[in-house]
Each structure stands twice: as C-alpha cells, then as structure tokens.
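In: below are the sequence and a predicted model for it; my questions follow.
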Amino acid sequence: MVRAWGFVLAGLGCGGLSNYGPDARGPDDPRDLDPGEPDADADADVDADADVDADADTDLGTFPCADLVADGTLPELIQGSNAGAGDDLRPSCLPSGGGADVGIVYTAPVTADYVFDLEGSSYDTVLAVMDSCAGPELECNDDWLPNLISQASLRLQSGQSVLLVVDAWPNEQGSFQIHVDERETNESDCTDGRDLDDDLLIDCVDPDCNAHPSCDFDCADGYLLGELPISESDNTSGQGDDHTPSCSTSTSSDLAFLFTAPVDGTYAFDTVGSSFDTVLYALDACRGSELACNDDGPGFLSALQLSMTAGQTVVLVVDGYGSKDGAMRLNAGLLAP
C-alpha cells in the first residue's frame, strides 16, 4: 500500500504550542494592517509553508481546546510532540493525574470505518476520540498492542469532525505520530508491524498472513500476546515431536509459540515455572534457521536472549530433555530497548 502522509499545524488551543497560529507574528510583521482595520483572515494566518485546512477557523472554533488541525486526508500521518503542553483533557481510560496532552481536530473525508494508532510514538501514550471538547467520548484506549501503543477505531461519516486526544501517563514526554487509515478486513501488509484489521494480531501472527513468504509460521501451537512481561502456560504431553534442538538430545513432545517484537530491543525468554527438564530454542521460521538454543539455564529450566527489531517474528519452541514432558511455562520480557 502506498501511503501519502501529511500534517498541519493550525493554531493554539489548550496545549501550549505558542509558536504556531495567528498570534505568532511579531509587531513589525508586514502582514499587519493599519490600526482599526479589521483583519478578516486573522484567525486563519499560519506559517506560509503549511498546507492549511480551509476549515481550520471553523474547526478551532468548534473545538476551542484543540492544538492542531489535521489535513483530513485518508490515509494521513499526524506528527507532533507533547513537550510544553498542558494537562488539559481527561480521557476515561487514563487515571487522574495524567501527563501532557495534545488535541487534534480530524475531519473525515469519506464515510468509512477509521483506525487511529500511535505506532512509532516515543512515549507511553493514551488515545481518546471525542465528539467535542466537553464530550461525549467516543473511544478511549491505553495499550491496544503489547508495546504501550494506543489504537482506536470507529465509524465516521463524511464531513464529521472529531477531537483526537493524544495523552500520556505522568511524566511521559516525547514525539508522537498518529496513523489514520481505513480499517481493513484483513492484514494486507504482513511486514509493517501494525494491526491493520483491528484484531489484535500483528503481521505474521495474524492468520491472514499464513501464505505470505515472510510468514512461515503455520507450525505454531500458540501466541505470546499482550503487554510485556508476559507468560503462556500449557502442557507438552502428547503434543508430538515436531522440532529438534541443536543444544540437546530430545525425543519428547514440544510446543511452538509465535512472538513478534513490539519495538527494537533485547528480549529474554525462559521456562521458569515448568515442571520438567526443558529445552528452549528460537527459530526464524517453522522450517527456518535456529537463532538460539538453551538446555539448562536456571537449574533444569531454560533461558535465552534475542536481539530483535520491531515487527520481527520468531518461533519459540519449548521442548524436553530426552523424553521429558509435562506442564510448561514460557515467559517473555524486554530487557533493554
């Protein structure tokens, strides 16, 4: 999918972005009119390089708490920062005492099911969609995906304007980006690290991607999903001996789990909590290369670490030493981004 992105800075609301908007001119600006002469366009003046939404005045008038006005295209990428912004809005999914927030007016160009996500933002975000500054709140989400990224989806009518509130947990600050897309019926891009069809399954973890050449993961018995750290429990008894580790002798049953890295970083995996002598190894695909293997990490249990990039998927196999099998537990966590 080809994506053309754009964003607009169109004025000051309640977030404190005072370098933008009609009051950012100095007293000697040649655009100033003679005293007493009405300036019909004063509320629409912005940086000459910005592609201003023609309805910016109306949008900011309808949403006086807004800081920015988006282009209103589909798809669109809206970028900004909450540095210096105030804590002015109160999304329902964020406890009291949240962080700095930024409000953006988005007007739907067509009637469709929209997905707004904050993938690629540099801090722990919260996303709310409001009908107006005073509400009602249409959607609110803290962590949709297991990487502290927020996502909201709803149906908008052509010409309908909403307030997108990018909020933060206390003391969280940085740059944000909102991806605006039409919600898809399947995962059309299996390598972008995003949940395009709003089903909580990313890229190769989504069954829609089973036939994709980058997704040789049809051997999976389960998935490691959710906010890190995360654990998955099962039992290997009677599951079949489908894989062979390089670091140990094993003829026992095994289970394979898919894990997709939410961000670049070093990830730790172990079988602490399992009831038998385990072997743990990671593959880059079901029939791919072995990336790491460990027999005895802590005691008779197993542990390994992997350096992964955002969106990368691996197969984690919990096997047994010799013919050992039984109740297993697989744990995953992010050591360092």
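Out: Received the coordinates, thanks.

In: alpha carbons only for contacts and neighbour counts from here, please
Out: Will do.

In: how about the longest strand belonging to the chain: buried residues?
Out: Counting residues, the longest strand found in the chain (DSSP state E) is strand 327-336. For strand 327-336, burial by neighbour count (16 or more other Cα atoms under 10 Å) applies to 328-334.

In: go on, stretch 99-113?
Out: In stretch 99-113, counting by 16+ other Cα under 10 Å, buried: 99-110.

In: how about JSON lines for the residues you listed, with distance to Val165, secondary structure and pLDDT added?
Out: Below are the buried residues of stretch 99-113 laid out as JSON lines (distance: Cα to Cα, whole Å; DSSP: H, G, I helix; E, B strand; the rest coil; pLDDT from 0 to 100):
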{"residue": "Gly99", "distance to Val165": "12", "secondary structure": "coil", "pLDDT": "90"}
{"residue": "Ala100", "distance to Val165": "10", "secondary structure": "coil", "pLDDT": "94"}
{"residue": "Asp101", "distance to Val165": "7", "secondary structure": "coil", "pLDDT": "96"}
{"residue": "Val102", "distance to Val165": "6", "secondary structure": "strand", "pLDDT": "97"}
{"residue": "Gly103", "distance to Val165": "5", "secondary structure": "strand", "pLDDT": "96"}
{"residue": "Ile104", "distance to Val165": "6", "secondary structure": "strand", "pLDDT": "97"}
{"residue": "Val105", "distance to Val165": "9", "secondary structure": "strand", "pLDDT": "97"}
{"residue": "Tyr106", "distance to Val165": "11", "secondary structure": "strand", "pLDDT": "97"}
{"residue": "Thr107", "distance to Val165": "14", "secondary structure": "strand", "pLDDT": "97"}
{"residue": "Ala108", "distance to Val165": "16", "secondary structure": "coil", "pLDDT": "97"}
{"residue": "Pro109", "distance to Val165": "19", "secondary structure": "coil", "pLDDT": "97"}
{"residue": "Val110", "distance to Val165": "21", "secondary structure": "coil", "pLDDT": "95"}
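
In: in JSON lines, list these along with distance to Val162.
Out: JSON lines is the format used below for these (distance: Cα to Cα, whole Å):
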{"residue": "Gly99", "distance to Val162": "21"}
{"residue": "Ala100", "distance to Val162": "20"}
{"residue": "Asp101", "distance to Val162": "16"}
{"residue": "Val102", "distance to Val162": "13"}
{"residue": "Gly103", "distance to Val162": "10"}
{"residue": "Ile104", "distance to Val162": "8"}
{"residue": "Val105", "distance to Val162": "6"}
{"residue": "Tyr106", "distance to Val162": "6"}
{"residue": "Thr107", "distance to Val162": "6"}
{"residue": "Ala108", "distance to Val162": "8"}
{"residue": "Pro109", "distance to Val162": "12"}
{"residue": "Val110", "distance to Val162": "13"}
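
In: out of these, flag the one nearest to Ser231.
Out: Using Cα to Cα, the shortest approach to Ser231 within those belongs to Gly99, at 29.7 Å.

In: and the closest residue in space to the closest one that isn't next to it in sequence, how many neighbours?
Out: The spatial neighbour of Gly99 that comes closest, neighbours along the chain excluded (Cα to Cα, 6 or more residues apart in numbering), is Pro170 at 4.2 Å. Pro170 is flanked by 15 other residues according to other Cα atoms under 10 Å.

In: lovely, talk soon.
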